[in-house]
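Engineer: Give me a 3D structure for the following:
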Amino acid sequence: SGLDADLAAWLDAGDPPAYFGFGSMAVPDPAATVGMVERVVREVGLRAVVNSGWAGLPSDVVTNPNRVRVVRAVDHTTLLPRCRLAVHHGGSGTTGATVRAGLPTMVCSVMVDQAMWGDRLRRVGAGVHMRFTDLDEVGLRTGLARLLTRDVTGRARELGRAITVERDATARAADIVLAHALSRAVLPRG
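Structural biologist: Residues are numbered from 1 along each chain as shown. The predicted structure is shown next:
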């Protein structure tokens, strides 16, 4: 889908931003969350794109729209490669998109498999994890500082390159499954 012209111009006007998005997760105080993001990215020296998502993160609380941009919906495949890092809920789709983009990632898990994705990123050295209920300014500042280290940034880039090297991975996976099924005579031959 690409990016709308206003967002593309905002991206072009400064350094690559941090991406923030909590998908379809309920955020108890959306305005306070955006305020916290704005304060912390200012302290750390980053810009931020905040995906409003189903959480309804508001744009009207942003005091410096040159530093923080709230968007309603965004194409991850176009936006994330233009970002410096990502902070999100850890849904499998968003996690996959940030890993493919080679972004160091902070997962703030809410439920189900999100903690597992956050822990996996932490274990491979490409990110950090905390529960969303524990997210505060200190935790966010600490997480961003870790993501900005050379080790984590480098590992995230390596991981992104490694998973995008395989061309036509879906077809390759189907070939592997089919070969396995045929070797076990699960499918009729011929």
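
Engineer: show me what contacts the residue lying closest to P81 once chain neighbours are set aside?
Structural biologist: Once flanking residues are discounted, P81 sits nearest to A101: 4.9 Å by C-beta to C-beta, 6 or more residues apart in numbering. In short, each C-beta sits where N, CA and C put it, glycine included. With contacts defined as C-beta atoms under 8 Å, 6 or more residues apart in numbering, the neighbours of A101 are H76, L80, P81, C83, A86, G160.

Engineer: secondary structure element for the fifth one?
Structural biologist: Read that as A86. strand 85-88 (DSSP states H and E).

Engineer: Please name the strands paired to that strand in the sheet, noting orientation.
Structural biologist: Strand 85-88 has the following sheet partners, assigned by DSSP bridges: strand 18-21 (parallel), strand 105-109 (parallel).

Engineer: picking that back up, now the buried members of the contacts of A101.
Structural biologist: The neighbour-count test (16 or more other C-beta atoms under 10 Å) marks H76, L80, C83, A86, G160 as buried among those.

Engineer: still on that earlier bit, residues making contact with the strand holding A86?
Structural biologist: So strand 85-88 is contacted by 18-23, 80, 94-95, 98, 101, 103-108, 140, 143-144, 147-148, 153 (C-beta under 8 Å, 6+ apart).

Engineer: Now which of those residues would you call buried?
Structural biologist: Burial by neighbour count, 16+ other C-beta under 10 Å: within the contacts of strand 85-88 this picks out 18-23, 80, 94-95, 98, 101, 103-108, 140, 143-144, 147-148, 153.

Engineer: hey, where'd the strands end up in this structure?
Structural biologist: With DSSP state E as the criterion, the chain has strands at 18-21, 48-51, 68-71, 85-88, 105-109, 127-131.

Engineer: Give me the sheet partners of the second one and which way each runs.
Structural biologist: Just to be clear, that refers to strand 48-51. Take DSSP bridges as the rule and strand 48-51 pairs in its sheet with strand 18-21 (parallel), strand 68-71 (parallel).

Engineer: Show residues contacting it.
Structural biologist: Counting by C-beta under 8 Å, 6+ apart, 7, 11, 17-22, 34, 37-38, 41, 57, 67-71, 73-74, 79, 83 sit against strand 48-51.
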